[in-house]
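Visitor: Quick one, structure for this:
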Amino acid sequence: MSTNIPFNKPCLTGKEAHYIYQAVYSGKLSGNGDFTKACHQFFHERYGFQKCLLTSSCTDALEMSAILAQIETGDEVIIPSYTFVSTSNAFVLRGAKIVFADSRSDHPGVDEQQLESLITARTKAIVPVHYAGVACDMDIIMDLAEKHDLLVIEDAAQSIDAFYHSENGTRKPLGGIGHLATFSYHETKNIISGEGGMLVVNDERLEGRSEIIWEKGTNRSAFFRGEVDKYGWVDIGSSYLPSEVTAAFLYAQLEALDEIQTKRKRIWDTYLQAFQELDKHQLFRLPFIPTHATNNAHMFYVVCQDLEHRQQTIKRLREAGYHAVFHYLSLHKSPFYTSQYNDIPELPMSDFYTDRLLRLPFFNDLDLQVVRDIVKCMIQA
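Guide: Coordinates of the predicted model:
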């Protein structure tokens, strides 16, 4: 049995260093060069995304979204409590009050059925988080947005190559449904660049401004396209674009997307099969994929019986050399939020996953026999 299996191990395709070498000696290392454009073109051709802007992180993309949504002090933004802090911080930085939604009982994603009850006259946007790359019910969310004149910003950090099956029969890529969407290429994601992210703009009304915010509040991109004879400061913004070194690394990953996804899905299926065969007493609840969603094999998680069961399982795995981790802590109970607000909501399902969800080792060259060994270790009496 292997005795030192990490939770995550960055995947390398073999071309990253070669493309970084090309970028270094191209004479252009700052952002929005050839590799950045190649990445943008990849997403446009494969998924039909109209406006793509690589960023230094998904956090940056979320902050750009908050600016584009014109979030101001007093506005309300609805997000799930069971998510990473960046989802919330991006809008808090603009002065918004976060209105937290609970998770579903069958999945850690947001409970779409309760969203409308959270909408007020001050609501500006809904930010659904596609947890583990599993789609929220976007028909419900987009209908609510249209009814109440709201923006939808998809937090698709974990959702590359994941799709949503609409009630009308169409198949749409996650990140291509809301008015805006954000992706992550952090080293724990399916496709990586160390740190990195991307903003997708699906609303043509926001396209022009998104590029200006991306370029420090200037119309520099329009200048280099020859659309203006000089460029200057025309809006707020920041330096959100990554260097060509980051884009070069990412492009090597994108070229190998299908191969990477095939391996990850094989690992995910092996976990599922092992639990179904070995966990006769159903000690662990397995991931749920709704019929409207596809599985992009971002992670494999289980839901333990309670907090003590999870702690015991983590301890048993670590003693055997396997590193498993829990995930998010409910943001509505975070020290920051509780210090700012007195009206702390009751969100039992978010707290349920906070105490019970366990993420298992998952990376591209994880041996399938090791996967089976991990499951055996977990269900020992």
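
Visitor: Name the helix or strand for the residue lying closest to Asp75 once chain neighbours are set aside, please.
Guide: Nearest non-adjacent residue to Asp75, counting by Cβ to Cβ, 6 or more residues apart in numbering: Lys124, 4.2 Å away. Just so you know, the C-beta spots here come from the backbone N, C-alpha and C atoms, and that holds for glycine as well. Here Lys124 sits within strand 123-126, counting by DSSP states H and E.

Visitor: strands paired with that strand, and their directions?
Guide: strand 76-80 (parallel), strand 151-155 (parallel) (DSSP bridges).

Visitor: Most tightly packed of those?
Guide: The highest average neighbour count among the strands paired with strand 123-126, using mean count of other Cβ atoms under 10 Å, belongs to strand 151-155 at a mean of 27.

Visitor: taking the mean pLDDT, what do you get for that strand?
Guide: Strand 151-155 carries an average pLDDT of 98.

Visitor: number of nearby residues for the residue nearest to Asp75?
Guide: 20 (other Cβ atoms under 10 Å).

Visitor: and if you look at the one 3 residues further on?
Guide: Other residues near Val127 number 29, with proximity taken as other Cβ under 10 Å.

Visitor: returning to that earlier point: how about the strands paired with strand 123-126, which one is nearest Glu308?
Guide: strand 76-80 (25.3 Å; Cβ to Cβ).

Visitor: residues in contact with whichever helix or strand comes after the closest one?
Guide: Counting by DSSP H and E, the element after strand 76-80 in chain order, helix or strand, is helix 85-92. Residues from elsewhere that reach helix 85-92, judged by Cβ atoms under 8 Å, 6 or more residues apart in numbering: 57-59, 62-63, 65-66, 71, 77, 79-80, 98, 125, 127, 129, 155, 331, 334, 337.

Visitor: Filter those down to just the buried residues.
Guide: 57-59, 62-63, 65-66, 71, 77, 79-80, 98, 125, 127, 129, 155, 331, 337 (16 or more other Cβ atoms under 10 Å).

Visitor: So which residues of the protein form strands?
Guide: Counting by DSSP state E, one finds strands in the chain at the ranges 51-55, 76-80, 97-101, 123-126, 151-155, 163-165, 171-173, 180-184, 197-201, 301-303, 357-359.

Visitor: From the rest of the structure, what touches the second one?
Guide: Pointing back at strand 76-80 there. Residues contacting strand 76-80 (Cβ under 8 Å, 6+ apart): 71, 87-88, 91, 96-103, 109-110, 115, 118-120, 122-129, 131, 155, 331, 350.
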